[in-house]
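Trainee: Here is the input, now give the coordinates:
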Amino acid sequence: MDFLYTIIRFFVTGGAFMYPILLVFAVGVAIAIERYITLTLVTHKNQTVWDKVQPMLAEGDFDKARDMTAGDKSTISQVLHMGLALQGTVRRREDIEIAMEESMMEIVPRLEKRTPYVALASSIATLLGLLGTIMGLIQAFTAVANANPAEKADLLSASISVAMNTTAFGLMVAIPLLVTHAVLTSKTGDIVDSLEMATVKVLNVFSKRAKRLAEA
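Mentor: Have a look, this model is predicted:
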């Protein structure tokens, strides 16, 4: 109970800038949760599809793999289907690779969507904290200017302590959001890397199949 009271007192004495910092924190957390859930689901779906498609590709059953990826909405299915749709009709590996890279260029921005706003919220929280402290110090020095000389030191120290609350709260909000942004960026990078790996493996399968047909 004392801890909760301390937090409430800390927030209330911080002044008006504590509320916009809290709002920024709420928005940043909402975006971070949505992005984390979305990227986790994308990772799971991609892995599930790849586990099913890889044996088909190894066996050379491209028609079955093509039908499966055509009816699936996962990001890896979109990339693989672009290559599978051209397999057999386009001889050059480069043409299939370009088509799959084009599909990647459409997918990556969707994976990165809204993630930069988490870092932006972290920066805004820090700046709001500093701005609140500066405004608090200005008010403190203005109030102390006309105070009794014997009370100036006590009033100034108390006012500075309250003004620093906004900087402390801003940093308390900014640091977790910044760490969360790094986690989300890492998850997005892992997904992109897995898509690129799948693309290379599929292209290698196509090349080996074309080479065997040419030698037959």
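
Trainee: tell me what the strand or helix carrying residue 132 is packed against?
Mentor: Per DSSP states H and E, residue 132 falls inside helix 115-145. With contacts defined as 3 or more CB pairs under 8 Å, 6 or more residues apart in numbering; DSSP states H and E, helix 115-145 has these neighbours: helix 18-59, helix 152-215. For every residue, glycine as well, the C-beta is placed using N, CA and C.

Trainee: worst average pLDDT in those helices?
Mentor: In terms of average pLDDT, helix 152-215 trails the rest of the helices and strands packed on helix 115-145, at a mean of 85.

Trainee: so who does the closest residue in space to residue 135 that isn't next to it in sequence touch?
Mentor: Setting aside the residues directly before and after it, residue 135 is nearest to residue 17 in space (CB to CB, 6 or more residues apart in numbering), at 7.0 Å. Residue 17 sits next to 128-129, 131-132, 135, 166 when contact means CB atoms under 8 Å, 6 or more residues apart in numbering.

Trainee: now, which of those sits nearest residue 21?
Mentor: When the contacts of residue 17 are ranked by distance to residue 21 (CB to CB), residue 128 comes first, at 5.0 Å.

Trainee: what about that closest one, neighbour count?
Mentor: Close neighbours of residue 128, defined as other CB atoms under 10 Å, add up to 24.

Trainee: and what of the one 5 residues further on?
Mentor: Counted with other CB under 10 Å, the burial measure for residue 133 works out to 23 neighbours.

Trainee: Test my guess that it contacts residue 171.
Mentor: No: contact criterion CB atoms under 8 Å: residue 133 and residue 171 do not qualify, at 10.8 Å.

Trainee: Just the CA trace of stretch 67-75, in PDB.
Mentor: Provided in PDB are the C-alpha atoms of stretch 67-75 (Å, rounded to 0.1, in the frame of the first residue of the first chain):
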ATOM      1  CA  ASP A  67      -1.600 -25.600 -55.200                       C
ATOM      2  CA  MET A  68      -0.800 -25.500 -51.500                       C
ATOM      3  CA  THR A  69       0.900 -22.100 -51.500                       C
ATOM      4  CA  ALA A  70      -1.800 -20.700 -53.800                       C
ATOM      5  CA  GLY A  71      -4.500 -21.300 -51.200                       C
ATOM      6  CA  ASP A  72      -2.400 -20.000 -48.200                       C
ATOM      7  CA  LYS A  73      -2.100 -16.400 -47.100                       C
ATOM      8  CA  SER A  74       1.100 -16.600 -45.100                       C
ATOM      9  CA  THR A  75       4.000 -14.500 -46.200                       C
END
